[in-house]
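Q: this one's sequence-less:
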């Protein structure tokens, strides 16, 4: 780790006089913390024996926002953590609390604690999450030497977690070491972000017991906008500031600002600049200092725009340092052992003892790790137990000859490419063709000179190294695609929407890890529900990025980013926008940009009480309307895809009044365009026929039968388009 100077201003942190500010004091880590719950005026409530079905087995912690208990779930036989916020229960809160807490349950990330359950029991709101066995970051840092690379990696991991939360419009607002649990996974510590309590509290203004003019949380990690009390300025960059304080402390062992009172501390956060950590941490990279100070910028605009950007910069710095170390080590090896190269694991198969001994001796002199086999059968057994980059095999051997050995190696499921050199007295053209056909890469005709072997070996080493680099690059890309796919999947519905008198079902089959189809059912308030299916042209990352961005604005009315409702000046919902309005707004935002991909959309508003469904289409396949005892019909609305329409084009809309057991199906063009191996598509006629045949099935069964028929139709042919369908039925 970089050496740290002792700062006289903070060397006696633990000996500082406790703050005289009401309800604030210094803890053992030198942090100024809120102690309202310990006030004599507000004694801590007694620990309950149980909350709902959960048995209470101990107190894990208590703070300004509430208490956390260690609980036991009798139904699932597991330990859990139960958060009981200090919220004054009202009828409105009792209805709203589970809805808001479920937003937290939608957060799926390995470094965000998993929420299992929420509820209100006997006048008590509670949130149940996984129980994490490990110290918090404050305790983990004690008496531990932390390298700047570890600090950067921990911070990047937490930044990834915040990015996932921010993508859901959830701001943590209380990022600090006490809210980071260091869990041990695969023999290493992984930080997990917990306690989105203050994030939840923002949904209930005025309900916090500490809410009337008091500061909650730990002021050391507050951003300048929080210190000024400007809650309207808070966004994801507020969490980035707090994460910057953690990074500063990890690399330097101190906080950027300390003061004997909370008032003076907040003044320092607002008015003073943190001391650059390289002034007292020797050996700290200049780039890491720049990253750290950027996160701590006073102005929001000067900080990182997203937590993902912060994570990328930190990981790039760590990778650059690792590459420099590898280069330095390789240079040192080259300087210390002239003529030697990086050792390669080589397997020799030769039944001639003298030839085998000479070959093994030469290869070991050149610095390689060599394993020798007396025949092809023994070589195959060794190959299955160990990893070899290069195999040098004789052609003629007892039990298993070289040609069969090569075929078996090529047939094996081996992640990295194995370079094979065959030794043979056969110099005829047809022999070489046979060897190459079996999978050999090169030949050496006996007798051969050691220099000739070394030249062939160098070629093999270059190829195997390039192959390993390519595989590693592919693995990183695959990991990135899987992470992106998880984020995209999180925006698709996971549980059936509960609207009295209606049933919903859907099917989704992306053609790759990332796709351009998105769909959802969203609550708009006032007895209205928004229903959409969209299809972005193309596939892969560009299509997935646009599709995910679109799903962010086609959001429930409770989401400030939603374009499905018009709002008053104070941000409250004024009315639900008509489908045509929504299509025009999307065209204005996404269709007028040069070089932008185009997309199709089917969007409708369902009026729950009157059963009237108003809808529009932007170049999307027609909706299917299924009435009891009748053949399905297509409901089409003329319109161009968004991105292809001109500014003067209007988006038309239609409406239909539904009767009991009527069904509406919205789908992407990947369903009628599903293609089998001979090039024939499924087509609209087969789709109508399938819907008619499966019309007596329950709604889930209809969707399942249709998707199964599409898979059977396609057979072994690769999917070239996403297939998505969303249906609803009047119960």
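A: All right, it came through fine. Just so we're clear, the structure is a prediction, and the values are computed from it rather than from any experiment.
Q: Can you pull the poorly scored residue ranges out of the stretch 401-550 of the chain?
A: By pLDDT under 70, the low-scoring segments of the stretch 401-550 of the chain are 426-428, 480-481, 483-485, 487-488, 513-514, 539.
Q: how about the helices in it?
A: Assigned helices in the stretch 401-550 of the chain, in chain order: 402-411, 429-438, 450-489, 540-553 (criterion: DSSP state H, counting those that start in this stretch).
Q: quick one, domains of this structure?
A: Structural domains annotated on the chain: 1-18+143-193+218-338, 345-460, 493-730, as defined by automatic domain parsing.
Q: can you tell which of the ones you listed is closest to residue 55?
A: Nearest to residue 55, of all those, is domain 1-18+143-193+218-338, at 21.9 Å by Cβ to Cβ. (Glycine included, C-beta is placed from N, CA and C.)
Q: quick one: the closest one to chain centroid distance?
A: Its chain's C-alpha centre and that of domain 1-18+143-193+218-338 lie 21 Å apart, by Cα atoms, centre = their mean, to the nearest Å.
Q: circling back: let me have the domains of the chain in TSV, adding distance to residue 31 and mean neighbour count as columns.
A: Below are these laid out as TSV (distance: least, Cβ to Cβ, whole Å; neighbours: other Cβ atoms under 10 Å):
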stretch	distance to residue 31	mean neighbour count
domain 1-18+143-193+218-338	5	18
domain 345-460	47	17
domain 493-730	32	18
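Q: Could you save the ones you listed as JSON lines and add columns showing distance to residue 46?
A: Shown next, in JSON lines, are the domains of the chain (distance: least, Cβ to Cβ, whole Å):
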{"stretch": "domain 1-18+143-193+218-338", "distance to residue 46": "24"}
{"stretch": "domain 345-460", "distance to residue 46": "58"}
{"stretch": "domain 493-730", "distance to residue 46": "35"}
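Q: For residue 97, which of those domains is the nearest?
A: domain 493-730 (13.4 Å).
Q: need the helices for the stretch 1-150 of the chain, in chain order.
A: Going by DSSP H, counting those that start in this stretch, the stretch 1-150 of the chain shows helices at 91-105, 137-141, 148-167.
Q: want to throw those helices into a markdown table with mean pLDDT?
A: Shown next, in a markdown table, are those (pLDDT from 0 to 100):
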| stretch | mean pLDDT |
| --- | --- |
| helix 91-105 | 70 |
| helix 137-141 | 92 |
| helix 148-167 | 94 |
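Q: Surely residue 233 and residue 224 touch.
A: No. Contact criterion Cβ atoms under 8 Å: residue 233 and residue 224 do not qualify, at 9.1 Å.
Q: that older thread, so for residue 691, which of the helices of the stretch 1-150 of the chain sits nearest?
A: With Cβ to Cβ as the measure, helix 91-105 is the member of the helices of the stretch 1-150 of the chain nearest residue 691 (33.2 Å).
Q: how about the closest residue to residue 169 other than its chain neighbours, phi and psi?
A: Spatial nearest neighbour of residue 169, chain neighbours left out: residue 559 (6.0 Å); criterion: Cβ to Cβ, 6 or more residues apart in numbering. Note on residue 559: backbone dihedrals following degrees, to the nearest 10 are phi -90, psi 120.
Q: Please tell me how far residue 559 sits from residue 99.
A: Separation of residue 559 from residue 99 (Cβ to Cβ, to the nearest Å): 12 Å.
Q: Kindly report the same for residue 120.
A: 11 Å.
Q: Ok, residue 284 next?
A: 46 Å.
Q: With residue 109 as the reference, name the closest of the domains of the chain.
A: Set against residue 109 and scored by Cβ to Cβ, these come closest in domain 1-18+143-193+218-338, at 4.2 Å.
Q: hang on, the earlier thing: out of the helices of the stretch 1-150 of the chain, which is closest to residue 706?
A: Short answer: helix 91-105, nearest of those by Cβ to Cβ, at 30.0 Å.
Q: still on that earlier bit, in a markdown table: the helices of the stretch 401-550 of the chain, plus distance to residue 251.
A: Supplementary listing: the helices of the stretch 401-550 of the chain in a markdown table, determined by distance: least, Cβ to Cβ, whole Å:
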| stretch | distance to residue 251 |
| --- | --- |
| helix 402-411 | 48 |
| helix 429-438 | 56 |
| helix 450-489 | 26 |
| helix 540-553 | 33 |
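Q: nearest to residue 47, of the ones you listed?
A: Per Cβ to Cβ, nearest to residue 47 of the helices of the stretch 401-550 of the chain: helix 450-489, 37.5 Å.
Q: tell me how far the closest one is from the chain's mean position?
A: Centre-to-centre, helix 450-489 and its host chain are 24 Å apart (Cα atoms, centre = their mean).
Q: Okay, now the unreliable bits of the stretch 551-700 of the chain?
A: If you take pLDDT under 70 as the line, the stretch 551-700 of the chain has these spans: 592-596, 645-649.
Q: Would you map the strands across it?
A: Counting by DSSP state E, counting those that start in this stretch, one finds strands in the stretch 551-700 of the chain at the ranges 565-567, 573-576, 599-607, 612-618, 623-626, 633-635, 653-657, 663-667.
Q: Give me the nearest residue to residue 176, chain neighbours excluded.
A: Spatially, and ignoring its direct neighbours in sequence, residue 176 is nearest to residue 221 (4.4 Å; Cβ to Cβ, 6+ apart).
Q: again, but for residue 362
A: residue 450 (5.3 Å).
Q: Residue 604 contacts residue 529, doesn't it?
A: No. Counting by Cβ under 8 Å, residue 604 sits too far from residue 529 to count as a contact (9.0 Å).
Q: shared neighbours, these two?
A: Residues touching both residue 604 and residue 529 by Cβ atoms under 8 Å, 6 or more residues apart in numbering: none at all.
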